[in-house]
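Asks: The sequence isn't on hand, but the structure is:
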């Protein structure tokens, strides 16, 4: 069990407050602290075998809670030989796709979302690399609203996703006509630059059990306004009923797999090693179902 402070959206904030006051923060500036509040949270350990106190199986864990630990080290074993960041990102996307098409990945997706289909398309989107601790605080959040349609989601990210999705549809509207959105899942991978780093020492990602969260009462959607785009993210209010997990003894290539649209998450500072810099990446993957009445 670990205990740390985490920053939540204040229940005093309306949607308009959140969208306005969080603008400087989400665009790299300072945070208006009147719209947030800090609380202590406790996170239960989830070991590499996904053991929990309630003895849920791996598939039950992902089906019920929306989170599970996986190991991508074999899929990423040639990552260090990549010549540049672009090649590295392509390798990470390929690893994510290969894992999700593997027997293990398919059985996990089937447990939470639907029966597998020959008409599924699994498409990793952009890869985000992070070195933590960052400047300022991290905010508990959910990446994408559950209510967003495929067209809305893709439209907001089209500037980054177009090269990765253009073979499936020429525009967000075209994709909406051709596909249904089954799920969006995130693979968050611990990737220190040196593979001999023994394990994640500090600033772990903690992920909430989606079944302990009330989206109606515990979340609110806010806008992230950029110079050319408006995106939507989900702020989370503190609730003592939300149950948290951390991945214990995480080593190179170990990863979280969680439901991008339902599971709150945040990086927390354990103040164990002030010199430790956590290096990780995350890739979000669209799971799409081709509509039966649309031609290939």
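Replies: Yes, it's here. Bear in mind the structure is a predicted one, so any value in this text is a computation, not a measurement.
Asks: quick one, what contacts the residue nearest to residue 206 when sequence neighbours are not counted?
Replies: Using CB to CB, 6 or more residues apart in numbering and skipping the chain neighbours, the partner closest in space to residue 206 is residue 43 (4.4 Å). Where you see a C-beta, it was placed from the backbone N, CA and C, and this is true even at glycine. Taking CB atoms under 8 Å, 6 or more residues apart in numbering, we find residue 43 in contact with 1, 2, 3, 4, 206, 244, 245, 246, 268.
Asks: Where neighbours are concerned, which of the residues you listed has the most?
Replies: If you count neighbours using other CB atoms under 10 Å, the busiest of the contacts of residue 43 is residue 245, which has 26 neighbours.
Asks: Helix or strand: which one has that one?
Replies: Secondary-structure element containing residue 245, defined by DSSP states H and E: strand 244-247.
Asks: Residues in contact with that strand: which ones?
Replies: 2, 41-46, 52, 65, 67, 69, 200, 204-209, 254, 256.
Asks: Now with 7 Å, please.
Replies: Under the criterion CB atoms under 7 Å, 6 or more residues apart in numbering, residues 2, 41-46, 67, 69, 204, 206-209, 254, 256 lie in contact with strand 244-247.
Asks: helices and strands of the protein: which one bottoms out on pLDDT?
Replies: Every helix and strand of the chain was ranked by mean pLDDT, DSSP states H and E. The lowest is helix 23-26, at a mean of 54.
Asks: which residues touch the residue nearest the centre of the chain?
Replies: Centroid check for the chain by CA atoms, centre = their mean gives residue 186 as the closest residue, at 4.0 Å. For residue 186, the contact set (CB under 7 Å, 6+ apart) comprises 143, 258, 260, 282, 284.
Asks: which residues touch residue 9?
Replies: Going by CB under 7 Å, 6+ apart, residue 9 touches 18, 35, 36, 220, 235, 236, 237.
Asks: Tell me the spacing between it and residue 252.
Replies: 33 Å (CB to CB, to the nearest Å).
Asks: Give me the below-cutoff pLDDT ranges for the stretch 1-150 of the chain.
Replies: Scanning the stretch 1-150 of the chain for pLDDT under 70 picks out 13-34, 54-55, 115-118, 132-137.
Asks: and stretch 45-55, how far from the chain's centre?
Replies: 20 Å (CA atoms, centre = their mean, to the nearest Å).
Asks: List the buried residues of that stretch.
Replies: Residues of stretch 45-55 classed as buried by neighbour count (16 or more other CB atoms under 10 Å): 46, 50, 52.
Asks: which of the residues you listed lies closest to residue 109?
Replies: Among the buried residues of stretch 45-55, residue 50 lies closest to residue 109 (CB to CB), at 15.8 Å.
Asks: Could you find the closest non-adjacent residue to that closest one?
Replies: Leaving aside its sequence neighbours, residue 50 sits nearest to residue 58 (CB to CB, 6+ apart; 4.9 Å).
Asks: just to revisit the earlier point, among the contacts of strand 244-247, which are in strands?
Replies: Members of these lying in strands (criterion: DSSP state E): 2, 41-46, 67, 69, 206-208, 254, 256.
Asks: Could you export the residues you listed as JSON lines, including distance to residue 139?
Replies: Putting the ones in strands among the contacts of strand 244-247 into JSON lines (distance: CB to CB, whole Å) gives the following:
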{"residue": "2", "distance to residue 139": "19"}
{"residue": "41", "distance to residue 139": "13"}
{"residue": "42", "distance to residue 139": "19"}
{"residue": "43", "distance to residue 139": "17"}
{"residue": "44", "distance to residue 139": "22"}
{"residue": "45", "distance to residue 139": "24"}
{"residue": "46", "distance to residue 139": "22"}
{"residue": "67", "distance to residue 139": "19"}
{"residue": "69", "distance to residue 139": "24"}
{"residue": "206", "distance to residue 139": "13"}
{"residue": "207", "distance to residue 139": "15"}
{"residue": "208", "distance to residue 139": "13"}
{"residue": "254", "distance to residue 139": "24"}
{"residue": "256", "distance to residue 139": "18"}
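Asks: just curious, which of those residues is nearest to residue 170?
Replies: Nearest to residue 170, judged by CB to CB, of the ones in strands among the contacts of strand 244-247 is residue 256 at 33.3 Å.
Asks: Run through the bridge partners of the residue lying closest to the closest one once chain neighbours are set aside.
Replies: Sequence neighbours aside, residue 188 is the residue nearest to residue 256 in space, at 4.3 Å (criterion: CB to CB, 6+ apart). Per DSSP bridges, the residues bridged to residue 188 are residue 256, residue 282.
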